[in-house]
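K.L.:
Sequence first, predicted model second:
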Amino acid sequence: MNNILHLKYALEIAKTHSISKAAENLYMGQPNLSRAIKELEDSIGAVIFERSAKGIIVTEDGEKFLQYARRILAQVDEMESVFRDAKHKKQKFSVSVPRASYISKGFTEFAKHIDAELPAEITYRETNSMRTVTNVLQDEYNLGIVRYQRAFEPQYSAMFEEKGIVSQTITEFTYLLAVSVNSPLAGLNTVTEADLAGYIEITHPDPYVPSVPVPDIRKAEIAEYTDKRIYIFERASQFDLLGEIPDTFMWVSPLPENICRMHGIVQRRCDVNPKVYKDVLIHKKGYVLSPLDNLFITEVCNAKRDIVDAFK
C-alpha cells in the first residue's frame, strides 16, 4: 500500500460516488486521483470501485477494504491527537462524583496542583450513581465515584463485572444528622424518630440500584418518620436552606467544620439512620490512571481521612 493519503482518496470516492466530485473535494486533478486509485488497487490486488450508469459503485472487496481504511484512519487520528496533546502538555482530567463535601474538598486541594502555565481541561461533575456509571461507560469521564448502600453491594458488584468496570472502595460511613444551630434538635442529647416527625427533610434521593425496582429502592432509602420533604439537588442550596430554616434536617456524609460554620449547621451521630453507605471509585477496565488521576485520588483519600474518619 502506498500511503495514508490513498486511504483518504478511496473513502472520499466512496462517499461521493464520483471521481470528479471526489477530486474537487480533495483539491486535485481527476486524472491524478484516478491514477492514485489504480495504484492502490494494484498494490492490494483487488478492485475497489467499478463504474456504472449510476456512477461509481463499491465492490464487495472494496467494502471490506474501506472498513479497514476507516479503522486505520481513526487510529491515525487518535495517535496524532495523543502526541499533539503531549506536545502541548495539555492537562486533562475528568471525574463524575456524588454530592459529598469531603470529595469536593479533595478536588479543591487537587486543583491547587494544576499548572497555570499549561493548557488545562478539567471537568468535575456532581450527579447520581446511574449517571456516573453511564458517564464512565460512554468515555465522557475517565473516573467516577459511586455511592450506594452496602446492602446493595451484590447488585453493584454484578453490574461492574458485567460492564467491564474496575471498582475500589474509598470509604464506608453512616450518615450524620445535620440541622441548623438554631434548631431545637441541636440541643437534644438523643434524637429519636418521634423527634424528627414534625420536621422537614432536605434530601436528594437517587433511586437507582441495578436490577432492583424503583419502588423497592425508594422504600429502602426514604424513611417513614416524616412526610415532609424538600427535594433539592444543588448542594450549596441544601446547606442554605438547612442553616436558615430551623425546622429542617438532612442526612449527610461527614462535613468539614468550615462548611458547618459557614452555613450555621451542626452535625451529629444519630442511631435513627444506621444504614452503611459506600463511596467507590470506578473506571473502565483497561484504563491506565494518569498522574492527574492519581493526584486526585490521593487528595480525596487525604480529605476522607481528615473529615470522614474523624467520625468513626
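P.N.:
Cool, the structure landed. Residues are numbered from 1 along each chain as shown.
K.L.:
By mean pLDDT, flag the weakest helix or strand of this protein.
P.N.:
helix 214-221 (a mean of 72; mean pLDDT, DSSP states H and E).
K.L.:
Show me what counts as buried in it.
P.N.:
If you call a residue buried by 16 or more other Cβ atoms under 10 Å, then helix 214-221 has these buried ones: Ile217. Any C-beta I mention is one placed from the backbone N, CA and C, and that applies to glycine too.
K.L.:
Give me the contact list for that helix.
P.N.:
149, 151-152, 205, 207-209 (Cβ atoms under 8 Å, 6 or more residues apart in numbering).
K.L.:
any chance of those residues in CSV, with neighbour count, distance to Gln91 and secondary structure too?
P.N.:
Listed next are the contacts of helix 214-221 as CSV, based on neighbours: other Cβ atoms under 10 Å; distance: Cβ to Cβ, whole Å; DSSP: H, G, I helix; E, B strand; the rest coil:
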residue, neighbour count, distance to Gln91, secondary structure
Gln149, 16, 35, strand
Ala151, 12, 39, helix
Phe152, 19, 36, helix
Pro205, 15, 35, coil
Pro207, 18, 36, coil
Tyr208, 16, 32, coil
Val209, 21, 35, coil
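K.L.:
What is the lowest-pLDDT residue among the residues you listed?
P.N.:
Among the contacts of helix 214-221, Pro205 carries the weakest pLDDT, at 65.
K.L.:
Send me stretch 63-83 as CSV with only the CA atoms.
P.N.:
Extracted in CSV, the C-alpha atoms of stretch 63-83 (Å, rounded to 0.1, in the frame of the first residue of the first chain):
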residue,chain,number,x,y,z
GLU,A,63,-16.4,-2.7,1.1
LYS,A,64,-14.0,-4.9,3.1
PHE,A,65,-11.1,-2.7,2.2
LEU,A,66,-13.0,0.5,3.2
GLN,A,67,-13.8,-1.0,6.6
TYR,A,68,-10.1,-1.4,7.3
ALA,A,69,-9.3,2.0,5.9
ARG,A,70,-11.8,3.7,8.3
ARG,A,71,-10.3,1.9,11.2
ILE,A,72,-6.7,2.7,10.2
LEU,A,73,-7.5,6.4,9.7
ALA,A,74,-9.3,6.5,13.1
GLN,A,75,-6.3,5.1,14.8
VAL,A,76,-4.0,7.6,13.0
ASP,A,77,-6.3,10.4,14.1
GLU,A,78,-6.2,9.1,17.7
MET,A,79,-2.4,8.7,17.6
GLU,A,80,-1.9,12.3,16.3
SER,A,81,-4.3,13.6,19.0
VAL,A,82,-2.3,11.9,21.7
PHE,A,83,1.0,13.2,20.5
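K.L.:
Report the buried residues of it.
P.N.:
Neighbour-count burial for stretch 63-83 flags 65-66, 69 (criterion: 16+ other Cβ under 10 Å).
K.L.:
Can you add pLDDT, distance to Val280 and secondary structure and give the residues you listed back as CSV?
P.N.:
CSV is the format used below for those (pLDDT from 0 to 100; distance: Cβ to Cβ, whole Å; DSSP: H, G, I helix; E, B strand; the rest coil):
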residue, pLDDT, distance to Val280, secondary structure
Phe65, 92, 45, helix
Leu66, 92, 43, helix
Ala69, 90, 41, helix
